[in-house]
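my questions are about this predicted structure, shown below with the sequence.
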Amino acid sequence: MLKIAGRSHKLCDGISRRDALKIGGLGLGGLSLPQLLKAESQAGIGKSQKSIIMIYMCGAPSHQDMYDLKMDAPSEIRGEYRPIETSVPGLQICEHLPNLASAMDKCVPLRSVYGSPNGAHDSFICYTGHTTQNQPPGGWPSIGSTISRVQGPTNPAIP
C-alpha cells in the first residue's frame, strides 16, 4: 500500500487520488519496459552490479516462528505455526509467508547468528559478528564494510 504523509482524500474504495495516479504511472512505466531493455541490450549495456540488502528488524518476530521452526523440538519450545515448502528443496519457512516461500531461491537465510554470552542479544553483534569486549583499535568492521572489502568497488567514481 502506498503511504502519503499528510492528509489525503480517499475515493470510495479507500484509495486516494494521489495513490491512484502513482499506480497508473507505474503501470505506464511498465508498458515501456520491453523497449528499454531492448535498447540497453543493443547499446551493449551489461548486467548491473549485485546489491546486498541487510534487513535488521528490532522487535521482529522470533526466528523460531518464521524461518527456523524446530518442528522436532518439544511443544514448549517450538512455535504454533506450521512449516511450508519453499522454492529451495529442503528449506521450509512459516506457513504465513507463502510469497516469501516462492522467492526463497533469491534469498540467503542466515542461521548462524547467535546471542551474546550473557544471554542478551544486541545490535552490535548483528552488525559486526563480535561482542563489544576486546575490540581492536578502531573497532570491529560492520557487515557492510566487510562486504565492501570482499566485493570490491562496483563504481570507480564512488570510494
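Everything's here; your move.

okay, buried residues for stretch 81-94 please.
Across stretch 81-94, burial judged by 16 or more other Cβ atoms under 10 Å covers 81, 83-84, 86, 92-94. All C-beta atoms are positioned from the backbone trio N, CA, C, and that covers glycine.

now for the residues you listed, which pair is the farthest apart?
Tyr81 and Thr86 (14.3 Å; Cβ to Cβ).

residues in contact with Ile143?
Residues counted as contacts of Ile143 (Cβ atoms under 8 Å, 6 or more residues apart in numbering) are 54, 127-129.

only whichever of these are buried, select them in PyMOL.
Filtering the contacts of Ile143 down to the buried ones (16+ other Cβ under 10 Å) takes a single PyMOL command:
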select buried, resi 127+128
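
list just the nearest of the contacts of Ile143 to Lys106.
If you rank the contacts of Ile143 by distance to Lys106 using Cβ to Cβ, Met54 comes first, at 15.3 Å.

now the nearest residue to the closest one once chain neighbours are set aside: how far from Cys107?
Among residues not flanking Met54 along the chain, Ile143 sits closest, at 6.1 Å (Cβ to Cβ, 6 or more residues apart in numbering). As for Ile143, its distance to Cys107 is 16 Å (criterion: Cβ to Cβ, to the nearest Å).

which residue is the nearest non-sequential neighbour of Gln92?
Per Cβ to Cβ, 6+ apart, closest to Gln92 is Pro83, 3.6 Å.

and that neighbour, what are its phi and psi?
The phi and psi torsions at Pro83 (degrees, to the nearest 10) take the values phi -80, psi 150.

I'd assumed Gly90 was in contact with it.
No: using Cβ atoms under 8 Å, Pro83 is not in contact with Gly90, being 11.2 Å away.

in terms of pLDDT, where does the most centrally placed residue in the chain sit?
Using Cα atoms, centre = their mean, the residue of the chain that lies closest to the mean C-alpha position is Ile55, 4.7 Å off. On pLDDT, Ile55 comes in at 72.

which SS class is it?
Three-state call for Ile55 (DSSP: H, G, I helix; E, B strand; the rest coil): coil.

show the average pLDDT along stretch 142-159.
77.

restricting to C-alpha, output it in CSV.
C-alpha atoms of stretch 142-159 as CSV (Å, rounded to 0.1, in the frame of the first residue of the first chain):
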residue,chain,number,x,y,z
SER,A,142,30.4,-3.8,10.3
ILE,A,143,28.9,-6.2,7.9
GLY,A,144,28.6,-3.5,5.2
SER,A,145,32.4,-2.8,5.5
THR,A,146,33.2,-6.4,5.3
ILE,A,147,31.0,-7.0,2.2
SER,A,148,32.5,-3.9,0.5
ARG,A,149,36.0,-5.2,1.2
VAL,A,150,35.3,-8.7,-0.2
GLN,A,151,33.2,-7.5,-3.2
GLY,A,152,35.5,-4.6,-4.1
PRO,A,153,34.5,-1.4,-5.8
THR,A,154,31.4,-1.6,-8.0
ASN,A,155,31.7,2.0,-9.3
PRO,A,156,35.1,3.7,-9.6
ALA,A,157,33.6,7.1,-9.1
ILE,A,158,32.4,6.1,-5.6
PRO,A,159,35.2,5.5,-3.0
